[in-house]
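Novice: Sharing a model that was predicted from the sequence below.
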Amino acid sequence: MYRSQVLVCGGTGCTSSGSPAIIERLHEEIKKNGLEDEVQVVRTGCFGLCALGPIMIVYPEGCFYSAVKEEDIPEIVSEHLLKGRIVEHLLYKETVTENGIKPLNDTNFYKKQHRVALRNCGVINPENIDEYIAVDGYQALGKVLNEMTPEEVIQTILDSGLRGRGGAGFPTGKKWQLARTIVQDGGQKYVCCNADEGDPGAFMDRSVLEGDPHVVIEAMAIAGYAIGATQGYIYVRAEYPIAVQRLRIAINQAREYGLLGKNIFGKGFDFDLDIRLGAGAFVCGEETALMTSIEGKRGEPRCRPPFPAEKGLFQRPTVLNNVETYANVPQIILKGADWFSSMGTEKSKGTKVFALGGKINNTGLVEIPMGTTLREIVYEIGGGIPGGKKFKAAQTGGPSGGCIPTEHLDIKIDYDNLIAIGSMMGSGGLIVMDEDNCMVDIAKFFLEFTVDESCGKCTPCRIGTKRLYEMLHKITSGNGTLEDLDKMEKLCYYIKNNSLCGLGQTAPNPVLSTLRYFKDEYLAHVVDKKCPAGVCTRLLQYKIIEDKCKGCTACARVCPAGAISGSVKEPHSIDPAKCIKCGACMSKCKFGAIIKE
Amino acid sequence: MALKKCIVAFSGTEEQENELKAVIKEHGDDPGALMPVLQKAQDIYGYLPIEVQEIISREMNIPLEKVYGVSTFYSQFSLNPKGKYRISVCLGTACYVKGSGDVFNKLQSILGVTSGGITDDGKFSLQDCRCIGACGLAPVMTINDDVYGRLTGDEKELREILAKYE
């Protein structure tokens, strides 16, 4: 028995900010102080508060050390671990109060969260199956195999109201039911997991795989039992090396324990899993494209129907769910459908994980009950916008979603409400933008992404998104006309209505939603030829304020275009015709005499 | 868009070829084996020139045009050799709204290459990528396995980082 445990986050965020070096140093210092038998160091998955990484928690006290540096380790070990004196100045500030240490769950970031899918992330060592088993792991699989018929499993999932967390929100139980009943020829069926988390700025699934890989394995085995499949595939982005490695370890451990393979729990149920790596194609997050890719082909989508439940992978009935969806399943089996459906709103049950990013203080991962408002997420959990800037919009749903403006901050987040205001739940990326972000530029950014990622199979998406991008480029360059805005809107609906798969059908959403809520910004670009946020360089004018200019000539010397003239100790001026708007002068000026507008 | 045609002469060794053949022998009969084989081949050679695709086509009995089709579909397969140090700048949304576009442009001008390009001495190759999931550190770039976060886009800062790899 150890008297103290040190949990260090080993998720991608904290690993990138240096947690491996911290773990190494911890081991060194613990050894130096002769504490090897008393203190255990555990590398866990993501705690969620990535902005303050690397993160470290010491138990039993529950002390939350944030932004830990390697140099801090000797002090923490000799003071806290050896002498039992908490190193207060290194703690996460919000947890330090006059009456002692505040529990982490009472801090603003964690208070309103409710962790179901993430419940083990940051709590257990993901590379040790025994720790998962100690927190009721594989009990749901045992319960299913021993006490439930496949029909009962499906009914439980149906009753719980669980909907797909990948974005579209299709009822999971319905999917399983179809895969069980449509084809009954006794042939092979498949269970697939979509871990091709392609939305930029979204990392929920990655954190589940890194922090709690066994939950996905267990849930897939349950799905296999429910639909009558013996083989599963997890399709993971190759950009997630840590997740892939932990999944591999987890699968091997599960096989060793007989939790994958032949005759699981002695109940005559066979099920095994393989990992397939993606290779950087966003479209492979679409279900038919993903399965085509597992088959070793170009990951192009195909028409539905037939739906995967009828003809999926290798032309056989297939269930395909997202990582976060699976992460909910074992809990639903153990605690019951009523427990799950007691959380959330009328049509969206349970919780949803969001990856908070962009212009927000507490970037990281949060899990909230459906129905929480956007305001609570941004201002309470997220801690507001840095630098006292003003909130402009929150973007959800990635390149398929839309921007939610200030007037909808109080909307209760669930599948249907988000669709109603022109965005969508998506997989859970939530990027906050402030007054310095230009919404036309953001629309252009997403279109550039979809142009790049369109697979090229159908014309509306391949050519339509390209034309749409060109129009946006024209507008941000100052050459747009009012007629372009009308044309653009028409083209958006054309692409939406005629594209083959979800990628094309949703690609115009960023344009439509910004047109809907930020028309004034488009008009400023088109009519006044100005970018109010000061982002679109072609529309900017650099100017020198005469009163502030000391005539030091620094700007004139750094200007690559020779656009600045003036004599020494006299105010300078910029020739707009020559200026290439590189901004070099502005960053060089020590007197703040150069502005852009 | 990366260059589709390879411009550097192929210099694969027999050793590499044997290693690749062993991979194909082990995995070649799995359902949907082409992708995993291409991924292993890229690990072995560092990239997937037409010569390597030909070996795979021959050994797996898959028409070359299918192999080529898959190799060019996925952005992680490269038909050109990468630099000794591979720089990726994240242009995912979270990084973009925090200014990674600037970082990317500055690197292009410092290195004198465009996206997918490689410096003349073969030292650095530059590409943009979409989200490595370290959004808490935005804006982020990676050089091989090293991650650099919270970049300011200042030219001096970038030059100092690059200097570590000289």
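Specialist: Arrived safely.
Novice: Where does the most centrally placed residue in chain A sit: helix, strand or coil?
Specialist: Central residue of chain A (Cα atoms, centre = their mean): residue A:202, 1.8 Å from the mean position. At residue A:202 the chain is in coil, as set by DSSP: H, G, I helix; E, B strand; the rest coil.
Novice: Let me know how buried the residue nearest to it when sequence neighbours are not counted is, in neighbour terms.
Specialist: Leaving aside its sequence neighbours, residue A:202 sits nearest to residue A:429 (Cβ to Cβ, 6 or more residues apart in numbering or on different chains; 3.4 Å). All C-beta spots, glycine's among them, are computed from the backbone N, C-alpha and C. Other residues within reach of residue A:429, judged by other Cβ atoms under 10 Å in any protein chain shown, total 29.
Novice: Show me what from the stretch 151-300 of chain A comes close to chain B.
Specialist: Proximity of the stretch 151-300 of chain A to chain B (Cβ under 8 Å from any Cβ of the partner chain) is limited to residues A:197-203, A:206, A:238-240, A:276-282, A:293-300.
Novice: still on that earlier bit, got the contact list for the residue nearest to the centre of chain A?
Specialist: A:355, A:398, A:426-429, B:131 (Cβ atoms under 8 Å, 6 or more residues apart in numbering or on different chains).
Novice: List phi and psi for it.
Specialist: phi -120, psi 130 (degrees, to the nearest 10).
Novice: how much space between it and residue A:365?
Specialist: 10 Å (Cβ to Cβ, to the nearest Å).
Novice: now do residue A:225
Specialist: For residue A:225, the distance to residue A:365 - Cβ to Cβ - is 30 Å.
Novice: ok, these two, which is more surrounded?
Specialist: residue A:365 (30 against 22).
Novice: For that one, give the beta-bridge partners.
Specialist: Beta-bridge partners recorded for residue A:365 (DSSP bridges): residue A:355.
Novice: Was I right to think it contacts residue A:352?
Specialist: No - at 11.4 Å, residue A:365 does not count as touching residue A:352 under the criterion of Cβ atoms under 8 Å.
Novice: Which stretches in chain B count as strands?
Specialist: Along chain B, the stretches classed as strands by DSSP state E are B:85-90, B:124-129, B:141-143, B:146-148.
Novice: what about residue A:20, which helix or strand?
Specialist: helix A:19-32 (DSSP states H and E).
Novice: the inter-axis angle of the very next helix or strand once past that helix versus helix A:19-32?
Specialist: Next helix or strand after helix A:19-32 toward the C-terminus (DSSP H and E): strand A:39-44. Calculated by axes from the mean of the first three to the mean of the last three Cα atoms, to 10 degrees, strand A:39-44 forms an angle of 170 degrees with helix A:19-32.
Novice: Need the mean per-residue confidence for strand A:39-44.
Specialist: For strand A:39-44, the mean per-residue pLDDT is 95.
Novice: And the next helix or strand past that strand?
Specialist: Downstream of strand A:39-44 (by DSSP H and E), the next one is strand A:56-59.
Novice: Direction included, what does that next one pair against?
Specialist: strand A:4-9 (antiparallel), strand A:63-65 (antiparallel).
Novice: Residue 135: what's it in contact with?
Specialist: Picked chain A for this. A:119-120, A:123-124.
Novice: that's the wrong chain, I meant chain B
Specialist: A:13, A:50, A:201, A:203, A:355, A:357, A:363, B:92, B:94-95.
Novice: any idea which of those is closest to residue B:80?
Specialist: Checking the contacts of residue B:135 against residue B:80 by Cβ to Cβ gives residue B:92 as the nearest, at 23.7 Å.
Novice: Can you get me the start-to-end distance on stretch A:538-546?
Specialist: 23 Å (Cα to Cα, to the nearest Å).
Novice: ignore the last one, stretch A:316-329
Specialist: End-to-end distance (Cα to Cα), stretch A:316-329: 23 Å.
Novice: how about it against chain B, any contact?
Specialist: No - for a cut-off given as Cβ under 8 Å from any Cβ, stretch A:316-329 has no contacts with chain B; the smallest distance is 10.8 Å.
Novice: can you list the residues that contact the helix of greatest length in chain B?
Specialist: Looking across chain B with DSSP state H, the single longest helix is helix B:14-27. By Cβ under 8 Å, 6+ apart, the residues outside helix B:14-27 that reach it are B:33, B:36-37, B:40-41, B:44-45, B:52, B:55-56, B:59-60.
Novice: excluding its backbone neighbours, what's nearest residue A:527?
Specialist: residue A:482 (7.3 Å).
Novice: Write out the residues of chain B neighbouring chain A.
Specialist: B:31-36, B:38-39, B:66, B:69-70, B:73-77, B:91-98, B:129-138, B:140, B:147, B:149.
Novice: Distance of the residue of the stretch 1-150 of chain A found nearest chain B relative to residue A:315?
Specialist: In the stretch 1-150 of chain A, the residue that lies nearest chain B is residue A:50 (2.8 Å; Cβ to the nearest Cβ). According to Cβ to Cβ, residue A:50 stands 42 Å off from residue A:315.
Novice: Pull out the buried residues from stretch A:579-597.
Specialist: By neighbour count on 16 or more other Cβ atoms under 10 Å in any protein chain shown, the buried set for stretch A:579-597 is A:579, A:581-582, A:584-586, A:589, A:593-594.
Novice: for that stretch, how far is the first residue from the last?
Specialist: Across stretch A:579-597, first to last residue, Cα to Cα, it's 14 Å.
Novice: Look up how far residue A:272 lies from the residue in chain B sticking out farthest from the centre.
Specialist: Distance from the C-alpha centroid of chain B, by Cα atoms, centre = their mean, peaks at residue B:29 (27.1 Å). Distance, residue B:29 to residue A:272, using Cβ to Cβ: 17 Å.
Novice: what does residue A:487 give?
Specialist: Taking Cβ to Cβ, one finds residue A:487 at 53 Å from residue A:272.
Novice: May I have the distance across stretch A:568-586, first residue to last?
Specialist: Per Cα to Cα, stretch A:568-586 runs 18 Å from first to last residue.
Novice: on that earlier part again, how about the contacts of helix B:14-27 in a markdown table, adding neighbour count?
Specialist: As requested, these are exported to a markdown table (neighbours: other Cβ atoms under 10 Å in any protein chain shown):
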| residue | neighbour count |
| --- | --- |
| B:33 | 18 |
| B:36 | 18 |
| B:37 | 23 |
| B:40 | 18 |
| B:41 | 24 |
| B:44 | 17 |
| B:45 | 21 |
| B:52 | 23 |
| B:55 | 18 |
| B:56 | 25 |
| B:59 | 16 |
| B:60 | 18 |
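Novice: Might you list the low-confidence residue ranges for chain B?
Specialist: B:1-8 (pLDDT under 70).
Novice: Break chain A down into its domains, please.
Specialist: A:4-106, A:129-340, A:351-434, A:439-526, A:541-596 (automatic domain parsing).
Novice: Include distance to residue B:103 when you put those domains into CSV, please.
Specialist: Shown next, in CSV, are the domains of chain A (distance: least, Cβ to Cβ, whole Å):
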stretch, distance to residue B:103
domain A:4-106, 16
domain A:129-340, 15
domain A:351-434, 16
domain A:439-526, 15
domain A:541-596, 14
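Novice: so which of those domains gets nearest residue B:117?
Specialist: Nearest of those (Cβ to Cβ): domain A:439-526, 16.6 Å.
Novice: if we can go back for a sec, need the contact partners of the helix holding residue A:20.
Specialist: A:6, A:8-10, A:36, A:39, A:41, A:43, A:53-56, A:68-70, A:73-74, A:77-78, A:81.
Novice: and these, which are buried?
Specialist: Using 16+ other Cβ under 10 Å, the buried ones in the contacts of helix A:19-32 are A:6, A:8-10, A:39, A:41, A:43, A:53-56, A:68, A:73, A:77-78, A:81.
Novice: any idea which of these is least confident?
Specialist: For those, the model is least confident at residue A:53; its pLDDT is 87.
Novice: who are the neighbours in contact with it?
Specialist: Listed by Cβ under 8 Å, 6+ apart, the contact set of residue A:53 reads A:9, A:13-14, A:16-17, A:19, A:66-67, B:136-137.
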